[in-house]
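Chemist: Show me how the following folds:
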Amino acid sequence: MSTNKVISTGSVSCDPAVVPQARKISSTEEVAITCFENEVPSFIGPELERLYASLYASLPFFQVYGDMKNVSTYIARRGNEISSVLLFSLENGKVRVLNEMIGVDEKEIIPFANYIFENFPSARQIVFQAVATRAAKLPLSIQRSYYTDDIVLELPATEEEYVANLGKSTRKNIKHHLSRSKRTFPSFQHQVHVAEDANEEDIRTIVEFNKLRMAGKNRISSLDDQETERIIKLVKLCGFISVIKIEGRICAGAIYFRVADHYFTLVNAHDPEYDDFRLGTLCCYLTILECIRRNGRQFHFLWGRYEYKFALLGVCRKLEQISIYRSSLHVMLDARNVFKKGFASRAQLVKFWLLEERRKNNFRGKTLARLLRHMRH
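Modeler: Prediction:
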(Lines give C-alpha, C1' and ligand atoms only; values in the text may rest on other atoms or scores of the structure.)
Protein backbone atom coordinates (compact mmCIF):
# COMPACT_ATOMS: atom_id res chain seq x y z
CA MET A 1 0.00 0.00 0.00
CA SER A 2 1.26 3.48 -0.83
CA THR A 3 2.31 5.72 2.03
CA ASN A 4 -0.30 8.30 2.97
CA LYS A 5 0.53 11.88 3.89
CA VAL A 6 0.36 12.41 7.63
CA ILE A 7 -1.91 15.20 8.86
CA SER A 8 -2.07 16.54 12.39
CA THR A 9 -5.23 16.18 14.45
CA GLY A 10 -5.50 19.96 14.62
CA SER A 11 -6.98 22.20 11.95
CA VAL A 12 -6.04 21.33 8.39
CA SER A 13 -6.46 22.98 5.04
CA CYS A 14 -9.82 22.76 3.28
CA ASP A 15 -8.48 20.61 0.47
CA PRO A 16 -10.76 17.60 -0.15
CA ALA A 17 -7.99 15.84 -2.04
CA VAL A 18 -5.68 15.67 0.98
CA VAL A 19 -5.37 12.12 2.32
CA PRO A 20 -4.69 11.86 6.07
CA GLN A 21 -2.95 9.11 7.97
CA ALA A 22 -4.79 5.78 7.74
CA ARG A 23 -5.96 4.25 11.01
CA LYS A 24 -6.33 0.48 11.24
CA ILE A 25 -9.88 -0.67 12.03
CA SER A 26 -9.71 -4.35 11.13
CA SER A 27 -7.48 -6.76 9.27
CA THR A 28 -9.48 -6.27 6.08
CA GLU A 29 -10.20 -2.56 5.84
CA GLU A 30 -8.72 0.80 6.74
CA VAL A 31 -10.28 4.18 7.32
CA ALA A 32 -8.47 7.46 6.80
CA ILE A 33 -9.63 10.30 9.03
CA THR A 34 -9.39 14.07 8.72
CA CYS A 35 -10.66 16.45 11.39
CA PHE A 36 -11.27 20.15 10.78
CA GLU A 37 -11.37 21.62 14.28
CA ASN A 38 -13.75 24.55 14.68
CA GLU A 39 -14.24 24.60 10.93
CA VAL A 40 -16.87 23.44 8.43
CA PRO A 41 -15.34 23.28 4.94
CA SER A 42 -17.69 24.25 2.12
CA PHE A 43 -16.91 21.18 -0.01
CA ILE A 44 -18.78 18.87 2.39
CA GLY A 45 -22.22 20.12 1.29
CA PRO A 46 -22.61 17.70 -1.66
CA GLU A 47 -21.02 14.90 0.39
CA LEU A 48 -23.56 15.33 3.21
CA GLU A 49 -26.35 15.20 0.66
CA ARG A 50 -24.94 12.10 -1.03
CA LEU A 51 -24.27 10.20 2.19
CA TYR A 52 -27.36 11.02 4.25
CA ALA A 53 -30.04 12.73 2.13
CA SER A 54 -31.39 14.29 5.35
CA LEU A 55 -32.62 17.83 5.87
CA TYR A 56 -31.24 17.66 9.42
CA ALA A 57 -27.78 16.71 8.16
CA SER A 58 -27.53 19.23 5.34
CA LEU A 59 -25.38 22.32 5.02
CA PRO A 60 -28.35 24.67 4.38
CA PHE A 61 -30.00 23.51 7.62
CA PHE A 62 -26.81 23.93 9.62
CA GLN A 63 -26.26 27.38 8.16
CA VAL A 64 -29.77 28.55 9.07
CA TYR A 65 -30.18 26.85 12.44
CA GLY A 66 -26.71 26.47 13.89
CA ASP A 67 -24.00 28.62 15.38
CA MET A 68 -21.10 27.26 13.33
CA LYS A 69 -18.30 29.01 15.24
CA ASN A 70 -17.40 26.08 17.48
CA VAL A 71 -18.41 23.27 15.16
CA SER A 72 -15.81 20.79 13.93
CA THR A 73 -15.95 18.42 10.96
CA TYR A 74 -14.93 14.75 11.01
CA ILE A 75 -14.36 13.14 7.61
CA ALA A 76 -13.64 9.43 7.10
CA ARG A 77 -12.53 7.88 3.82
CA ARG A 78 -12.45 4.28 2.74
CA GLY A 79 -10.25 4.03 -0.29
CA ASN A 80 -10.69 7.16 -2.38
CA GLU A 81 -14.29 7.79 -1.34
CA ILE A 82 -15.62 9.75 1.61
CA SER A 83 -17.69 7.35 3.71
CA SER A 84 -18.64 9.57 6.64
CA VAL A 85 -19.01 13.28 7.39
CA LEU A 86 -20.04 14.17 10.94
CA LEU A 87 -20.30 17.69 12.30
CA PHE A 88 -19.83 17.93 16.05
CA SER A 89 -19.31 20.31 18.94
CA LEU A 90 -17.52 19.73 22.24
CA GLU A 91 -18.73 21.44 25.39
CA ASN A 92 -18.31 20.50 29.05
CA GLY A 93 -16.95 17.08 28.18
CA LYS A 94 -19.86 16.18 25.86
CA VAL A 95 -19.43 15.74 22.12
CA ARG A 96 -22.74 16.36 20.37
CA VAL A 97 -23.08 15.12 16.79
CA LEU A 98 -25.13 17.61 14.78
CA ASN A 99 -26.18 15.22 12.02
CA GLU A 100 -29.74 14.06 12.74
CA MET A 101 -32.29 11.82 11.02
CA ILE A 102 -29.54 9.73 9.47
CA GLY A 103 -28.72 6.04 9.43
CA VAL A 104 -25.51 4.97 11.18
CA ASP A 105 -23.88 1.60 11.78
CA GLU A 106 -20.79 0.09 13.43
CA LYS A 107 -18.54 1.12 10.54
CA GLU A 108 -19.38 4.75 11.18
CA ILE A 109 -19.87 4.83 14.96
CA ILE A 110 -16.76 2.90 16.11
CA PRO A 111 -14.08 4.82 14.13
CA PHE A 112 -15.66 8.13 15.12
CA ALA A 113 -15.85 7.25 18.82
CA ASN A 114 -12.28 5.91 18.83
CA TYR A 115 -11.00 9.02 17.10
CA ILE A 116 -12.78 11.39 19.48
CA PHE A 117 -11.64 9.64 22.65
CA GLU A 118 -8.06 9.35 21.36
CA ASN A 119 -7.71 12.95 20.23
CA PHE A 120 -9.96 14.94 22.59
CA PRO A 121 -8.89 14.09 26.17
CA SER A 122 -11.65 16.21 27.72
CA ALA A 123 -14.41 14.27 25.92
CA ARG A 124 -16.27 11.96 28.32
CA GLN A 125 -19.41 11.33 26.30
CA ILE A 126 -20.54 11.34 22.65
CA VAL A 127 -24.21 11.83 21.78
CA PHE A 128 -25.86 10.89 18.48
CA GLN A 129 -29.41 12.25 18.40
CA ALA A 130 -32.33 11.14 16.24
CA VAL A 131 -30.52 8.39 14.34
CA ALA A 132 -31.59 5.04 12.94
CA THR A 133 -29.14 2.22 13.46
CA ARG A 134 -29.00 -1.51 12.89
CA ALA A 135 -25.83 -1.77 14.96
CA ALA A 136 -26.23 -4.88 17.12
CA LYS A 137 -23.34 -5.10 19.57
CA LEU A 138 -20.88 -2.26 19.93
CA PRO A 139 -17.63 -2.77 21.90
CA LEU A 140 -18.27 0.50 23.73
CA SER A 141 -20.02 1.75 26.86
CA ILE A 142 -23.28 2.97 25.35
CA GLN A 143 -26.91 3.71 26.12
CA ARG A 144 -29.55 3.52 23.40
CA SER A 145 -32.95 5.09 23.99
CA TYR A 146 -36.01 6.08 21.97
CA TYR A 147 -35.86 9.71 20.84
CA THR A 148 -38.50 10.46 18.18
CA ASP A 149 -40.13 9.15 14.98
CA ASP A 150 -39.71 9.72 11.30
CA ILE A 151 -42.81 8.61 9.40
CA VAL A 152 -41.57 7.79 5.91
CA LEU A 153 -43.30 7.08 2.61
CA GLU A 154 -41.35 5.19 -0.06
CA LEU A 155 -42.42 6.93 -3.25
CA PRO A 156 -43.30 4.75 -6.26
CA ALA A 157 -42.29 5.62 -9.80
CA THR A 158 -45.67 6.97 -10.91
CA GLU A 159 -48.67 8.80 -9.48
CA GLU A 160 -50.96 6.02 -10.73
CA GLU A 161 -49.02 3.43 -8.76
CA TYR A 162 -49.24 5.50 -5.59
CA VAL A 163 -52.99 6.02 -5.91
CA ALA A 164 -53.47 2.31 -6.58
CA ASN A 165 -51.51 1.44 -3.43
CA LEU A 166 -53.75 3.54 -1.17
CA GLY A 167 -56.34 1.76 0.91
CA LYS A 168 -59.78 1.50 -0.65
CA SER A 169 -61.45 3.82 1.87
CA THR A 170 -58.60 6.37 1.71
CA ARG A 171 -58.71 6.45 -2.07
CA LYS A 172 -62.50 6.86 -1.98
CA ASN A 173 -62.38 9.65 0.63
CA ILE A 174 -59.70 11.62 -1.21
CA LYS A 175 -61.59 11.37 -4.49
CA HIS A 176 -64.82 12.43 -2.78
CA HIS A 177 -63.35 15.44 -0.95
CA LEU A 178 -61.32 16.57 -3.98
CA SER A 179 -64.37 16.42 -6.29
CA ARG A 180 -66.61 18.09 -3.70
CA SER A 181 -64.11 20.90 -3.15
CA LYS A 182 -63.80 21.59 -6.86
CA ARG A 183 -67.59 21.54 -7.33
CA THR A 184 -68.22 23.82 -4.37
CA PHE A 185 -65.33 26.17 -5.18
CA PRO A 186 -64.84 26.48 -8.97
CA SER A 187 -61.74 28.64 -8.34
CA PHE A 188 -60.05 25.78 -6.44
CA GLN A 189 -56.45 25.37 -7.60
CA HIS A 190 -53.24 23.76 -6.37
CA GLN A 191 -49.91 25.54 -6.86
CA VAL A 192 -46.27 24.79 -6.04
CA HIS A 193 -43.66 27.53 -5.59
CA VAL A 194 -39.96 26.70 -5.39
CA ALA A 195 -37.27 28.40 -3.27
CA GLU A 196 -36.93 32.07 -4.26
CA ASP A 197 -40.33 31.99 -5.98
CA ALA A 198 -42.05 31.20 -2.67
CA ASN A 199 -43.74 34.30 -1.29
CA GLU A 200 -42.86 35.12 2.32
CA GLU A 201 -46.41 36.14 3.17
CA ASP A 202 -47.69 32.81 1.87
CA ILE A 203 -45.25 31.03 4.20
CA ARG A 204 -46.46 33.15 7.12
CA THR A 205 -50.07 32.33 6.24
CA ILE A 206 -49.36 28.58 6.40
CA VAL A 207 -47.61 29.05 9.75
CA GLU A 208 -50.65 30.94 11.07
CA PHE A 209 -52.89 28.03 10.05
CA ASN A 210 -50.64 25.77 12.11
CA LYS A 211 -51.01 28.07 15.12
CA LEU A 212 -54.80 28.05 14.76
CA ARG A 213 -54.84 24.24 14.62
CA MET A 214 -52.70 23.95 17.74
CA ALA A 215 -54.82 26.53 19.56
CA GLY A 216 -57.87 24.42 18.76
CA LYS A 217 -56.19 21.62 20.73
CA ASN A 218 -55.34 23.97 23.62
CA ARG A 219 -51.67 23.77 22.70
CA ILE A 220 -49.09 26.39 21.75
CA SER A 221 -47.40 26.05 18.37
CA SER A 222 -43.61 25.79 18.36
CA LEU A 223 -43.56 28.05 15.31
CA ASP A 224 -42.85 31.40 16.96
CA ASP A 225 -41.60 34.48 15.09
CA GLN A 226 -37.95 33.44 15.30
CA GLU A 227 -38.70 29.94 13.98
CA THR A 228 -40.82 31.39 11.18
CA GLU A 229 -37.90 33.57 10.04
CA ARG A 230 -35.65 30.51 9.99
CA ILE A 231 -38.17 28.57 7.93
CA ILE A 232 -38.37 31.42 5.41
CA LYS A 233 -34.57 31.45 5.05
CA LEU A 234 -34.46 27.68 4.63
CA VAL A 235 -37.24 27.70 2.03
CA LYS A 236 -35.19 30.16 -0.02
CA LEU A 237 -32.26 27.70 0.02
CA CYS A 238 -33.90 24.32 -0.58
CA GLY A 239 -37.63 24.57 0.04
CA PHE A 240 -41.03 24.48 -1.58
CA ILE A 241 -44.50 25.61 -0.65
CA SER A 242 -47.53 23.70 -1.87
CA VAL A 243 -50.79 25.65 -1.57
CA ILE A 244 -54.49 25.24 -2.24
CA LYS A 245 -56.12 28.51 -3.23
CA ILE A 246 -59.80 29.41 -3.39
CA GLU A 247 -60.72 32.73 -4.99
CA GLY A 248 -57.02 33.57 -4.98
CA ARG A 249 -56.67 33.13 -1.20
CA ILE A 250 -54.57 30.41 0.44
CA CYS A 251 -56.81 28.00 2.32
CA ALA A 252 -54.29 25.21 2.92
CA GLY A 253 -50.55 24.77 2.49
CA ALA A 254 -47.49 22.64 3.08
CA ILE A 255 -43.91 23.79 3.64
CA TYR A 256 -41.39 21.17 2.63
CA PHE A 257 -37.78 20.75 1.61
CA ARG A 258 -35.72 18.67 -0.79
CA VAL A 259 -32.34 17.09 -0.06
CA ALA A 260 -31.13 14.85 -2.91
CA ASP A 261 -34.24 12.79 -3.80
CA HIS A 262 -35.78 12.98 -0.32
CA TYR A 263 -38.56 15.41 0.65
CA PHE A 264 -39.29 16.59 4.20
CA THR A 265 -42.59 18.23 5.13
CA LEU A 266 -42.16 20.58 8.08
CA VAL A 267 -45.59 22.21 8.18
CA ASN A 268 -48.93 21.06 6.75
CA ALA A 269 -51.95 23.11 7.77
CA HIS A 270 -55.24 24.57 6.58
CA ASP A 271 -57.79 27.23 7.41
CA PRO A 272 -60.15 25.77 10.07
CA GLU A 273 -63.10 27.20 8.10
CA TYR A 274 -62.55 24.38 5.60
CA ASP A 275 -62.41 21.49 8.06
CA ASP A 276 -65.36 19.75 6.38
CA PHE A 277 -63.47 19.65 3.09
CA ARG A 278 -60.33 17.98 4.54
CA LEU A 279 -58.14 20.54 2.78
CA GLY A 280 -55.14 19.71 4.96
CA THR A 281 -55.14 16.06 3.90
CA LEU A 282 -55.86 17.02 0.29
CA CYS A 283 -52.92 19.43 0.27
CA CYS A 284 -50.60 16.75 1.67
CA TYR A 285 -51.86 14.24 -0.94
CA LEU A 286 -51.31 16.71 -3.81
CA THR A 287 -47.86 17.53 -2.42
CA ILE A 288 -46.91 13.85 -2.48
CA LEU A 289 -48.01 13.60 -6.13
CA GLU A 290 -45.80 16.59 -6.92
CA CYS A 291 -42.81 14.91 -5.27
CA ILE A 292 -43.41 11.79 -7.37
CA ARG A 293 -43.46 13.96 -10.51
CA ARG A 294 -40.10 15.37 -9.43
CA ASN A 295 -38.65 11.83 -9.15
CA GLY A 296 -38.59 11.79 -5.37
CA ARG A 297 -37.60 8.56 -3.63
CA GLN A 298 -38.82 9.19 -0.09
CA PHE A 299 -41.33 11.55 1.48
CA HIS A 300 -40.79 12.25 5.19
CA PHE A 301 -43.83 13.24 7.27
CA LEU A 302 -41.39 13.53 10.21
CA TRP A 303 -42.68 13.12 13.78
CA GLY A 304 -46.26 13.13 15.07
CA ARG A 305 -48.31 9.93 14.78
CA TYR A 306 -51.35 11.40 13.03
CA GLU A 307 -53.77 9.06 11.29
CA TYR A 308 -53.64 10.86 7.94
CA LYS A 309 -49.90 10.10 7.63
CA PHE A 310 -50.51 6.37 7.89
CA ALA A 311 -53.56 6.57 5.61
CA LEU A 312 -51.26 8.14 3.01
CA LEU A 313 -48.92 5.10 3.40
CA GLY A 314 -46.37 6.52 5.82
CA VAL A 315 -44.44 3.94 7.85
CA CYS A 316 -43.13 4.77 11.31
CA ARG A 317 -39.36 4.56 11.77
CA LYS A 318 -38.17 4.94 15.34
CA LEU A 319 -35.13 7.13 15.85
CA GLU A 320 -32.80 6.71 18.80
CA GLN A 321 -30.46 8.71 20.95
CA ILE A 322 -27.12 6.92 21.34
CA SER A 323 -24.87 8.01 24.20
CA ILE A 324 -21.33 6.64 24.07
CA TYR A 325 -19.17 6.92 27.18
CA ARG A 326 -15.40 6.87 27.42
CA SER A 327 -15.60 4.03 29.96
CA SER A 328 -18.00 2.19 32.26
CA LEU A 329 -16.80 4.48 35.04
CA HIS A 330 -18.15 7.48 33.14
CA VAL A 331 -21.49 5.66 32.78
CA MET A 332 -21.62 5.28 36.56
CA LEU A 333 -20.73 8.94 37.08
CA ASP A 334 -23.66 9.90 34.82
CA ALA A 335 -26.00 7.31 36.37
CA ARG A 336 -28.77 9.79 37.14
CA ASN A 337 -29.09 10.95 33.53
CA VAL A 338 -28.74 7.38 32.26
CA PHE A 339 -31.68 6.30 34.43
CA LYS A 340 -33.83 9.31 33.48
CA LYS A 341 -33.33 8.77 29.74
CA GLY A 342 -33.95 5.04 30.03
CA PHE A 343 -37.15 5.51 32.02
CA ALA A 344 -38.50 8.23 29.70
CA SER A 345 -37.75 6.07 26.67
CA ARG A 346 -39.59 3.04 28.08
CA ALA A 347 -42.55 5.15 29.20
CA GLN A 348 -42.93 6.69 25.74
CA LEU A 349 -42.78 3.30 24.01
CA VAL A 350 -45.40 1.88 26.40
CA LYS A 351 -47.64 4.88 25.64
CA PHE A 352 -47.30 4.27 21.89
CA TRP A 353 -48.07 0.56 22.39
CA LEU A 354 -51.24 1.42 24.31
CA LEU A 355 -52.34 3.84 21.60
CA GLU A 356 -51.69 1.28 18.86
CA GLU A 357 -53.61 -1.43 20.71
CA ARG A 358 -56.49 0.94 21.37
CA ARG A 359 -56.89 1.51 17.62
CA LYS A 360 -57.43 -2.20 17.00
CA ASN A 361 -61.04 -3.28 16.85
CA ASN A 362 -60.65 -6.37 19.05
CA PHE A 363 -61.34 -7.33 22.66
CA ARG A 364 -57.94 -6.23 23.96
CA GLY A 365 -58.11 -2.92 22.10
CA LYS A 366 -61.60 -2.15 23.41
CA THR A 367 -60.58 -3.11 26.95
CA LEU A 368 -57.54 -0.84 26.83
CA ALA A 369 -59.66 2.01 25.44
CA ARG A 370 -62.08 1.67 28.37
CA LEU A 371 -59.15 1.50 30.80
CA LEU A 372 -57.54 4.65 29.38
CA ARG A 373 -60.85 6.53 29.54
CA HIS A 374 -61.27 5.45 33.15
CA MET A 375 -57.70 6.56 34.00
CA ARG A 376 -58.30 9.98 32.43
CA HIS A 377 -61.51 10.46 34.43
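Chemist: Residue 208 is in contact with residue 221, correct?
Modeler: No - here residue 221 does not reach residue 208: they are 9.2 Å apart, not a contact under Cβ atoms under 8 Å. Just so you know, the C-beta spots here come from the backbone N, C-alpha and C atoms, and that holds for glycine as well.
Chemist: the more surrounded of the two?
Modeler: Neighbour count, other Cβ atoms under 10 Å: between residue 221 and residue 208, residue 221 has more, with 19 against 16.
Chemist: Verify the assumption that the more buried one is located in a helix.
Modeler: No - counting by DSSP: H, G, I helix; E, B strand; the rest coil, residue 221 is not found in a helix; it is coil.
Chemist: how near is it to residue 257?
Modeler: Plainly put, residue 221 is 19 Å away from residue 257 if you go by Cβ to Cβ, to the nearest Å.
Chemist: and if you look at residue 125?
Modeler: Residue 125 is 31 Å from residue 257, by Cβ to Cβ.
Chemist: One more: residue 124?
Modeler: 35 Å.
Chemist: of these two, who's got more company?
Modeler: Shown here are residue 124 and residue 257; by other Cβ under 10 Å, residue 257 has more neighbours (22 against 18).
Chemist: Can you name every helix or strand that the helix or strand encompassing residue 258 contacts?
Modeler: Applying DSSP states H and E as the criterion places residue 258 in strand 249-259. With contacts defined as 3 or more Cβ pairs under 8 Å, 6 or more residues apart in numbering; DSSP states H and E, strand 249-259 has these neighbours: helix 200-216, helix 225-238, strand 239-246, strand 262-270, helix 279-293.
Chemist: Pull up the pairing partners for it, direction included.
Modeler: Next to strand 249-259 in the sheet, as set by DSSP bridges, lie strand 239-246 (antiparallel), strand 262-270 (antiparallel).
Chemist: Could you list the low-confidence segments of the stretch 251-377 of the chain?
Modeler: Along the stretch 251-377 of the chain, segments meeting pLDDT under 70 span 328-335, 338-377.
Chemist: In contact with the residue nearest the centre of the chain, which residues?
Modeler: Residue closest to the mean C-alpha point of the chain, counted by Cα atoms, centre = their mean, is residue 101 at 4.1 Å. By Cβ atoms under 8 Å, 6 or more residues apart in numbering, the contact list for residue 101 reads 54-57, 130-131, 150, 300, 319.
Chemist: Run through the helices of the stretch 1-150 of the chain in chain order.
Modeler: 44-52, 59-65, 106-119 (DSSP state H, counting those that start in this stretch).
Chemist: Switch the ones you listed over to JSON lines; also include mean neighbour count, mean pLDDT and distance to residue 291.
Modeler: Formatted as JSON lines, the helices of the stretch 1-150 of the chain follow (neighbours: other Cβ atoms under 10 Å; pLDDT from 0 to 100; distance: least, Cβ to Cβ, whole Å):
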{"stretch": "helix 44-52", "mean neighbour count": "19", "mean pLDDT": "96", "distance to residue 291": "17"}
{"stretch": "helix 59-65", "mean neighbour count": "18", "mean pLDDT": "93", "distance to residue 291": "18"}
{"stretch": "helix 106-119", "mean neighbour count": "19", "mean pLDDT": "92", "distance to residue 291": "28"}
